[in-house]
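*Asks:* Sequence and predicted structure, then a few things I'm wondering about:
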Amino acid sequence: MFRAGVEEFLRFPRRNRGLAQPGARGFTFLEVMVALAILSGVVVTVATTLNYHLNTIGRLRKTEYAAMLARVKMEEINISGPPTVAQGDFTAYGHPEYNWAYVSEDFMIKGVKKVHVTVTWDSGQGYTIETYRR
């Protein structure tokens, strides 16, 4: 009984495990696993890069809004004079998450003031513009 099993085992040709059979079509398991490993590395790299760039775009967009709002506030000050309060927000412009602060200080030239307008937003970051006026 055991002998018959061995003879039957020896009668069938041994398979070439892990390597492609001569003339066979398709991929071996090892080739598929290597391809999947390379592909997964590429996917992780692309996802990480995409996430980084989306965060950068969001941060730059907030900075751009702050710059525009600071310019608007500075123009208001140039047209109507210094504000009666030193700080506020931009709710009237549809951006309640942005706040502004106004500081005016004497400059070394008599009669000239240095004016700062700082716009901050939720993350605590800020954007400051300054000008000089009489």
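*Replies:* Nice, I can see it.
*Asks:* From now on I want contacts and neighbour counts done on CA atoms only, so please keep to that.
*Replies:* OK.
*Asks:* So the residue nearest to the spatial centre of the chain versus residue 49, what's the distance?
*Replies:* Central residue of the chain (C-alpha atoms, centre = their mean): residue 55, 1.6 Å from the mean position. Distance, residue 55 to residue 49, using C-alpha to C-alpha, to the nearest Å: 10 Å.
*Asks:* just to revisit the earlier point, so the residue nearest to the centre of the chain is in which element?
*Replies:* helix 29-80 (DSSP states H and E).
*Asks:* Shouldn't residue 124 be within a helix?
*Replies:* No. Using DSSP: H, G, I helix; E, B strand; the rest coil, the assignment for residue 124 is coil, not a helix.
*Asks:* Contacts only, for it.
*Replies:* Contacts for residue 124 (C-alpha atoms under 8 Å, 6 or more residues apart in numbering) come out as none.
*Asks:* which phi and psi does it have?
*Replies:* Taking degrees, to the nearest 10, you get phi 90, psi 0 for the backbone angles of residue 124.
*Asks:* Per-residue confidence, it, what does it come out as?
*Replies:* Listed pLDDT for residue 124 reads 85.
*Asks:* helices or strands next to the lengthiest strand in the chain in the packing?
*Replies:* When the chain is parsed with DSSP state E, its longest strand is strand 95-106. Strand 95-106 sits against strand 87-90, strand 113-120, with contacts defined as 3 or more C-alpha pairs under 8 Å, 6 or more residues apart in numbering; DSSP states H and E.
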